[in-house]
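Enquirer: just need the structure, nothing else, for what follows:
(one chain, ligands or ions: 1)
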Amino acid sequence: MWRWVCCLLALALLNAGCQRRETGVWTLGNEAKDLTPELRASVTKVLEEHSGIMDSPKMLGDDKFDATKLALGRSVYIKRYVQYHGVNGDGQGPTAASLVPKPRDYRRGVFKFTTTPYGYKPRREDLVRTVRKGIPGTSMPAFNLLPNKELQAAVDWVLVLTHRGELETRLVNNAKEDDEVDLEAVPDIVSGLVAAWERADEAQVLAVTPQPKFKTDHIVAGKQAFLTRGCAKCHGEDGRGQTPDNLRGDLKDSWGHPTRAADLTSGMLRGGQEPMDVYRRIFSGINGTPMPGFQQALASEPETTWNLVAYVLHVSHERRRGKILESGSIAPFK
Ligand code: HEC
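Expert: You can find the predicted model right below:
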């Protein structure tokens, strides 16, 4: 009899052990390491109140969010992403160090490839698309074979991590400045964060003028604009990004990693190959990177944005067509 009880007990313990290993524990990031133990405890308490713990998470600002979806999201994330993006979503999973570019740190709430204006959060659809299609030319693969339910749940989980990370960042910064965690300010911080995400869902950038059917004229005009509007300064005259500044690797993104103006001829546009994707990169810029938006600069000549798109797509396909452009020179148009 006792043998059975012991066996059952051992099984239960083993099971609990496995579960704990599967889910892991959220911790505070490096930014909080200089806080006193009391302040750290205070930050952790607020985080647990609003984002829960990893075993029992909450969607920020939505206590009624379906717990089964979150549990599914957690297990998909742990199975497929945690080794890169890390338990806390800070981009520091065990295999992250060797990757270039580095896996994204979600806790900043900054996402590069969005359909929203510069400085905005992404729409939920933008995150779904990044997970589904991956990011060409990086180690982020396409998860297009993942059942939609799992993919959506993984995005829910990314949102949980992002919200928690943003809240943590705000609390840690305030604690550093004021030497306390101002609990009265927390509801406003939370509603501000939630509102920023809701605003993004309504803020999709649409083209100012309809896309023309691209002809050689558009490409030629686009090339002209590329050379005279400052694009070539960063991307090089031939779009390969081989300018001295770029090659020195002085540019940094807002995650502190070195970045370079994209090689537009590589055939792997990270933000997507569709004309509207390229339009949004040029019009809105790319969050967290030195790529500026040209919405203002081109406000009085909306057709120029489409010309630039035509040119970027043209050079982007050049290399795929087997043509290796020489550094510093633009191949003449036929
Ligand atoms: C100050 C430097 C700078 C200028 C000026 C600049 N870019 Fe960029 N651009 C970048 C950087 C850096 C990136 C890469 C961002 C990243 O993904 O980290 C980039 C990325 C891009 C992308 C996205 C490529 C992809 O992989 O999807 C496009 C398209 C682009 N630039 C076009 C342009 C055009 C057209 C202009 C001029 C109208 C321009 N850029 C001006 C720095 C610049």
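Enquirer: which stretches of the stretch 1-150 of the chain form helices?
Expert: Remark: helices assigned in the stretch 1-150 of the chain by DSSP state H, counting those that start in this stretch are 2-23, 37-51, 67-80, 82-85, 124-133, 148-178.
Enquirer: could you dump those into TSV and include mean pLDDT, distance to the ligand and mean neighbour count?
Expert: For every residue, glycine as well, the C-beta is placed using N, CA and C. As requested, the helices of the stretch 1-150 of the chain are exported to TSV (pLDDT from 0 to 100; distance: least, C-beta to the nearest ligand atom, whole Å; neighbours: other C-beta atoms under 10 Å):
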stretch	mean pLDDT	distance to the ligand	mean neighbour count
helix 2-23	50	32	10
helix 37-51	97	28	16
helix 67-80	93	23	18
helix 82-85	82	17	18
helix 124-133	92	12	19
helix 148-178	95	19	20
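Enquirer: show the contacting residues for P212.
Expert: Applying C-beta atoms under 8 Å, 6 or more residues apart in numbering to P212 gives the contacts 218, 303, 306.
Enquirer: and it, how close does it get to the ligand?
Expert: 16 Å (C-beta to the nearest ligand atom, to the nearest Å).
Enquirer: ramachandran coordinates for that residue?
Expert: phi -80, psi 160 (degrees, to the nearest 10).
Enquirer: got a pLDDT number for it?
Expert: Looking at P212, its pLDDT reads 95.
Enquirer: any regions of the stretch 201-334 of the chain where pLDDT drops low?
Expert: 322-334 (pLDDT under 70).
Enquirer: and the strands in it, which stretches?
Expert: Taking DSSP state E, counting those that start in this stretch as the criterion, the stretch 201-334 of the chain contains no strands.
Enquirer: the ligand contacts on that one?
Expert: Residues of the stretch 201-334 of the chain lying near the ligand by C-beta under 6 Å from any ligand atom: 226, 229-231, 233-235, 251, 253, 259, 261-262, 269-271, 278, 281-282, 286, 289-292, 294, 308, 312.
Enquirer: from the ligand, how far out is D250?
Expert: Here D250 is placed at a distance of 11 Å from the ligand (C-beta to the nearest ligand atom).
Enquirer: number of residues surrounding that residue?
Expert: D250 has 12 neighbours, counted by other C-beta atoms under 10 Å.
Enquirer: equivalent analysis for G93, please.
Expert: 18.
Enquirer: ditto for L313
Expert: Number of residues near L313 (other C-beta under 10 Å) recorded here: 20.
Enquirer: with S300 instead?
Expert: Residues near S300, counting by other C-beta under 10 Å: 7.
Enquirer: same check on S191?
Expert: By other C-beta under 10 Å, the residues close to S191 number 12.
Enquirer: so who does it touch?
Expert: G61.
Enquirer: which parts of the helix or strand hosting it are buried?
Expert: Using DSSP states H and E, S191 sits in helix 186-201. Buried residues in helix 186-201, counted by 16 or more other C-beta atoms under 10 Å: 186, 189-190, 193, 197, 200.
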